[in-house]
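Chemist: quick one, fold the following:
(chains A and B)
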Amino acid sequence: MQWETVIGLEVHVQLATQSKIFSGASTAFGAEPNTQACAVDLGLPGVLPVLNEQAVAMAVQFGLAIHAEIPEVSVFDRKNYFYPDLPKGYQTSQMYDPIVGPGEVEITLEDGAAKRIRVHHAHLEEDAGKSLHETFTDDTGRAMTGIDLNRAGTPLLEIVSEPDMRSAKEAAAYLKSIHSIVTYLGISDGNMAEGSMRCDVNVSVRPRGQAEFGTRAEIKNVNSFRFVERAIEFEVERQIELIEDGGKVVQETRLFDPDRDETRSMRTKEEANDYRYFPCPDLLPVVLDAAYVDHLRETLPELPDEKRARFQDELGLSAYDAGVLAASREMAEYFEAVKATCGDAKQAANWVQGELSGALNREGLVIQDSPISAPRLGELICRVMDDTINGKAAKQVFQALWSGQGASADEVIEAKGLKQVTDTGAIEAMIDQVIADSPTQVAQYRDAEPDKRGKMIGYFVGQVMKASRGTANPQQVNALLKKKLDALC
Amino acid sequence: MHDKTLTELSASLAAGEFTSRELTEHQLGRIERLDGALNSFITVTPDAAREAADHADAARAQGDAGPLTGLPVAIKDLFCTDGVLTTAGSRMLADFVAPYDAGVVERLKAAGTVSLGKANLDEFAMGSSNENSAFGAVKNPWDSTAVPGGSSGGSAAAVAAGLAPAALGTDTGGSIRQPAAFCGITGLKPTYGRVSRWGIIAYASSLDQAGPMARTAEDCALLMNTIAGHDARDSTCVARGVPDYTAELAAPLTGLKIGLPKEYFGDGLDPAVEAAVREAISVYESLGATVREVSLPHTHYAVPAYYVIAPAEASSNLSRYDGVRFGHRCENPSDLVDLYKRSRAEGFGEEVQRRILIGTHTLSEGFFDAYYKKAQQVRRLIRQDFLDAFQDVDVLMGPTTPTPAFDLGAQKDPVSMYLQDIYTIAVNLAGIPGISVPAGFVGKRPAEGRPVGLQILGTHFAEQRLLNVAHRFQQATDWHLRRPELAEENA
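Modeler: Numbering: from 1, shown residues only, chains lettered A, B, ... in the order given. From the prediction side, this is the model:
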C-alpha cells in the first residue's frame, strides 16, 4: 500500500524581549539558577501579572509577516495543571482568542517549487521553569529534583500550523521558514540549542487517496531541524509498520530520543490533563487599534520571501543564489553591504557564497563573526573589477585579510606587490626570457600539430605567471605568448 | 482616646493633644487586655508600631505631617506586609512572612499610618462568619455569642471594640460590608479597579477589592484619599483621577433620588431589620431625598452565579499552594503526587477545600459551558440591572444583610451561610461600589441588641456620592457612635 504522511507543527518561539512577559525580570540566558526570577515569576501570594507591550508588538509583527489576520481583541487564559516548575499552578496562555489569526508561510520544496503552509493561529504564552533531574541529592544522598525558575515567564509565541506538510523534508523546510522569518523580524534569536525555538510535531499516516486523517501522535519538544526530520521519519515508519501488522495507532504524546533515534510513548489521550482553561481575571483583554497595527506594518523589515524575489528580479541572481543569500537576515545583510561597495551583485554573490562561505565553514564560524567585514570584501572585489589585481592575487589578498594581515585590500596589494602587471613591454620581456629559457618546450610546440598547440601554451603561461609572481594579467600573457610562439613556427 | 473617630484623632494629633506614640500605646494596651477574648488579631506588631509612631511624631515635629500621619490602623491578614507574618487565616500560610508590601499597605505607610498588626479573617477570605479561620473564630464585640461576620471579621471587630480606629478590609462577596453591618461600623467596598490589588492574596481576582472600615463615612473618605488610585502593577486597577473624598461629604441631599430594590425587601428579610432600614430611609426623606421602588430582576441569580465564578477563580488562584516553594509542606512525601495531596489536604480548611472542588468541577471539560460561561452571562445581566436602575435613581438602599449577626456555630449548612450574602454579592458581580452604615439595633440581648447595617449602592466610581450620602445620615443619627460594652473592659 502507498502511504501518505500528514504533519502539523506547533513551534514555540522564545521572543527576544528584554524582560519577561508578565514581569520586569530579565530574560537573559545562562544566568545562575533562580537569579532571574522575581516575586511575580515565583508566583508568590498576592502578585499580579502586567503584560509586556514588547511581546505584543513582536507577536503582531510575526502575524503581519505571515499575512495573518490580526484580531482586534485577544484574551489571555489560564491553563491549569500542577508541576513543580510551574510556580502558580497554571500557565498563562491564549486558548480561545489568540493574538494572531490564520496566516500562511511559503516553503520551497526540493524540486524548487513553492508550497504554502497554512498557519492556524499564533498565541502568546509564558514559559515554565526547568526541572533539573540530575546532580542533586539531599543530606542522605537521595536523588532530588532541582527547580530553576529563570526561564519561568519568558515570553513564547506558539505558532500552530494546519496539517499541511506531507514529508519530513517539508516539515524541516517549514521550520526553517519560521526560523528565517522570526530572525529577520528580530523577534527571536532563533537559537535552537538554547531552546529559543522548540517544536511539537503532530504526525499521522493514511493510505494515499484517503480523505480523512489517520490517528496522530504528538512528538514533544524537538529542538533541531535535523531532529525534526529524524523524529518524523522514525515515527512514520513506526506507524506504517504498526498498521501493516494489523495494529492501530493510538492518540498519544511521544518523546523523541536523539541518542537512540526513536520516539517513545509519554502518555496516552486517556492520561491527558484537563487543563480547565478560563480567561485570566488578572489581565485585561488586549485591544489593538488599527493605527497601532498599521504602525507595526509600516516598520516591518523586508522579509525573506520579498528579499529572495528582489535578489532574483532586480539583481539578476539565480533562484538558487537568491535563496541561499536570503535565507538568513545576517547573510542577506552582509551580501547587500558587499554589493553596495563593489556595485556588482553577481560578483558579490560569488564571493560571499564561494570564498567567504568556504572559509567560514572551514572554521565553523557564522557570518556575523567573519574576520573580513562586508565593505572590506567589497573593496577587494573592486580591485578585481578594475583590473588592479587578477583573480589569483585576489585569493591571496582574501587570505591575508582573513588572517588579519593588513587592514584593507589596497594595503595588502601594496605590501605584497600584487598589483597586476598590464604593461605590454614588461610582459613581453618576461615572455622573451621564458622562451629563451625553454628551448625544448619551444621545439615541441613548433613540431606539434597546430590544433594541439592550444594545450601546450599552458606551460608557457605558467612560467610567465611564475616569473611575475602572479601579477601579470593572464589575458594579456595568453595573447602575447600565442603571438610570439606562432611567430616562431 | 479610643472613642474618637479617625478624623477626630487626626485633629487631636495635629493639635498636639497627644502624640502618635501615646495613641499607639493606648491601642496596643487595649489589644493586650481585650483581644484575648475577641481574637480579632492574628499578629500584633507592637515593636514596629512603636517605631512607626515615633517616626510619625518626628515627622510631625519637622512640620511634615499629613492627615493620616501617626494614626493607628489594623490590616486584614490578606494583605502582604513586608517582613511580617501574612497568613490569609490559613494553616497553609501559617509561617509565611511576606517579602513585600501590598500596594495599599505601601500607600498607608507612606502616609505615615501606624500598623498595629494583622487582623483575623475567614481562611483566604472565604466565609461570612469568620469561623473559617485557622486561627480561631472572632467574637462579635456587641455579643460574644455572635459572629462578627466575614470575611473581614477581625477588622470589623477590632474597630467596633476600639482596638483600632480604622482597618483595611477586602470585599469579594460582601466581606467588608457584612461584617461592618454585624459589628456596627462603616465599611466601603470601592468600585472594582479603584484600589490596587497588588499584594492582596487572591481569592477571586475579578471580584476582590480592598476598602476602608472605620467608625464613620468621614473616616472612610479620609482613608480612601490615600488608598485609592492607579497602581501599574495591577492591570485591572484603573488610571483615573482620585477626587478628594472628604470634599463633598457635607453636600445637601435635597433632590437625591433613592431607589429601593423590591428584591431586597422580600422573603427571608428579618422584619426587625426591615423596620430599622425603613426608619433609616425615612431619615433620608426628612433630609430632602425622594424614594421610589425599583427592580433588580436578576437578584436571585446572584448567589448561584457568584458561587460558580468565585470558586472557579479560587481553584486556580490557590493552585500555587502546592508545598513546593512556600507554604505548608507535608512531612516525608513519598512522591510528587503525595506531596501535593497531603500538603493541600493538611494546609487548607474545609470551606477552602469545598470551594476549590466546586471551582475545579465547574471549569472541567464538559461542565465549563453549563456553569462558568452561564454564570458569566448572568453576571452581565446583573450588572445591567444596576446600570438600568441608575438611569432612574442616584443611589440604591436596602439592608446590608437579611438578619443581624447570627450566633457562633449557628450556620451549619454552607448554602444557608452563602445566602447571608444575598444583598451584598451582586454588587461585586457588577463591580459597583457599596457602603454599609450602622442603622440601629435589633433584639434585646445583651443590652442594645445586635447592629443593623444600611447598605447604600452607587454606580461605578460614585464613591464620593456614597460617602456624602452616608455622612449626611451619620450627621442626623448617632448609631455609628454607639460602642459595645466589653465585659473585660469593666473588669
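Chemist: show me the strands in the stretch 251-400 of chain A, by range?
Modeler: In the stretch 251-400 of chain A, the strands defined using DSSP state E, counting those that start in this stretch lie at A:252-257, A:262-268, A:278-279, A:286-287.
Chemist: buried residues, the helix or strand where B:Gln353 lies. List them.
Modeler: Element membership of B:Gln353 [criterion: DSSP states H and E] is helix B:350-362. Judged by neighbour count (16 or more other Cβ atoms under 10 Å in any protein chain shown), helix B:350-362 contains these buried residues: B:351-352, B:355-356, B:358-360, B:362. (Each C-beta comes from the backbone N, C-alpha and C, glycine too.)
Chemist: what residues does the closest residue to chain A within chain B make contact with?
Modeler: At 2.4 Å from chain A, B:Ser319 is the closest residue in chain B, using Cβ to the nearest Cβ. When contacts are counted by Cβ atoms under 8 Å, 6 or more residues apart in numbering or on different chains, B:Ser319 touches A:80, A:82, A:88-90.
Chemist: figure out the helix or strand that the nearest residue to A:Gln441 once chain neighbours are set aside lives in.
Modeler: Among residues not flanking A:Gln441 along the chain, A:Tyr459 sits closest, at 5.8 Å (Cβ to Cβ, 6 or more residues apart in numbering or on different chains). Taking DSSP H and E as the criterion, A:Tyr459 maps to helix A:450-467.
Chemist: ok, and what's touching that helix?
Modeler: Here helix A:450-467 makes contact (Cβ under 8 Å, 6+ apart) with A:392, A:427, A:430-431, A:433-435, A:437-438, A:441, A:444-445, A:448, A:472, A:474, A:477-478, A:481-482, A:485-486.
Chemist: mind checking pLDDT for residue 250?
Modeler: By default, I'm working from chain A. Note on A:Val250: pLDDT of 92.
Chemist: think we crossed wires, I meant chain B
Modeler: Looking at B:Ala250, its pLDDT is 97.
Chemist: for chain B, what's the nearest residue on chain A?
Modeler: A:Gly89 (2.4 Å).
Chemist: for that residue, what are phi and psi?
Modeler: phi 80, psi 10 (degrees, to the nearest 10).
Chemist: excluding its backbone neighbours, what's nearest it?
Modeler: B:Ser319 (2.4 Å).
Chemist: how about B:Ala251?
Modeler: B:Asn468 (5.1 Å).
Chemist: please identify the helix or strand for the one you found.
Modeler: Using DSSP H and E, B:Asn468 sits within helix B:463-476.
Chemist: now stretch A:459-476: how far from the chain's centre is it?
Modeler: Computed by Cα atoms, centre = their mean, to the nearest Å, the chain-centroid distance of stretch A:459-476 equals 42 Å.
Chemist: and what of stretch B:37-57?
Modeler: What separates the centre of stretch B:37-57 from the centre of its chain is 20 Å, taken as Cα atoms, centre = their mean.
Chemist: give the rounded mean pLDDT of it.
Modeler: Averaging pLDDT along stretch B:37-57 gives 98.
Chemist: list the contacts of A:Gly378.
Modeler: Each residue near A:Gly378 by Cβ under 8 Å, 6+ apart is listed here: A:337-342, A:348.
Chemist: list the ones among those that fall in helices.
Modeler: Among the contacts of A:Gly378, the ones falling in helices (DSSP state H) are A:337-342, A:348.
Chemist: just the buried residues of the residues you listed.
Modeler: By neighbour count, with 16+ other Cβ under 10 Å, the ones in helices among the contacts of A:Gly378 hold A:337-339, A:341-342, A:348 as buried.
Chemist: report the angle between the lengthiest helix in chain A and strand A:262-268.
Modeler: Counting residues, the longest helix found in chain A (DSSP H) is helix A:225-244. Counting by axes from the mean of the first three to the mean of the last three Cα atoms, to 10 degrees, helix A:225-244 lies at 70 degrees to strand A:262-268.
Chemist: against which helices or strands is helix A:225-244 packed?
Modeler: If contacts are counted by 3 or more Cβ pairs under 8 Å, 6 or more residues apart in numbering or on different chains; DSSP states H and E, helix A:225-244 sits against strand A:3-14, helix A:168-185, strand A:197-207, strand A:217-222, strand A:252-257, strand A:262-268.
Chemist: A:Phe278: what's it in contact with?
Modeler: Going by Cβ under 8 Å, 6+ apart, A:Phe278 touches A:77-78, B:312-313, B:316, B:363, B:368, B:372.
Chemist: if you set the cut-off to 6 Å instead, what comes out?
Modeler: Residues in contact with A:Phe278, defined by Cβ atoms under 6 Å, 6 or more residues apart in numbering or on different chains, are B:Leu363.
Chemist: near chain A at all, stretch B:346-357?
Modeler: No - Stretch B:346-357 stays clear of chain A (Cβ under 6 Å from any Cβ of the partner chain), getting no nearer than 11.0 Å.
Chemist: what's that stretch in contact with?
Modeler: Outside stretch B:346-357, the residues touching it (Cβ under 6 Å, 6+ apart) are B:91-92, B:123-124, B:126-127, B:132, B:134, B:311, B:314-315, B:318, B:328, B:330.
Chemist: 8 Å instead?
Modeler: Contacts of stretch B:346-357 (Cβ under 8 Å, 6+ apart): B:90-92, B:122-124, B:126-127, B:132, B:134, B:310-311, B:314-315, B:318, B:321, B:323, B:327-328, B:330, B:344-345, B:414.
Chemist: just the CA trace of that stretch, in PDB.
Modeler: Listed next in PDB are the C-alpha coordinates belonging to stretch B:346-357 (Å, rounded to 0.1, in the frame of the first residue of the first chain):
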ATOM      1  CA  GLU B 346      -3.400  19.500  55.600                       C
ATOM      2  CA  GLY B 347      -2.900  23.100  54.700                       C
ATOM      3  CA  PHE B 348      -6.400  24.100  53.600                       C
ATOM      4  CA  GLY B 349      -9.500  24.100  55.800                       C
ATOM      5  CA  GLU B 350     -12.800  22.600  54.900                       C
ATOM      6  CA  GLU B 351     -14.500  25.600  53.300                       C
ATOM      7  CA  VAL B 352     -11.500  26.400  51.200                       C
ATOM      8  CA  GLN B 353     -11.300  22.800  50.000                       C
ATOM      9  CA  ARG B 354     -15.000  22.800  49.200                       C
ATOM     10  CA  ARG B 355     -14.600  25.900  47.000                       C
ATOM     11  CA  ILE B 356     -11.600  24.500  45.300                       C
ATOM     12  CA  LEU B 357     -13.500  21.400  44.500                       C
END
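Chemist: in PyMOL, select just the buried ones from the contacts of helix A:450-467.
Modeler: To isolate in PyMOL the members of the contacts of helix A:450-467 that are buried, counting by 16+ other Cβ under 10 Å, one can use:
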select buried, chain A and resi 427+430+431+434+435+441+445+472+474+477+478+481+485
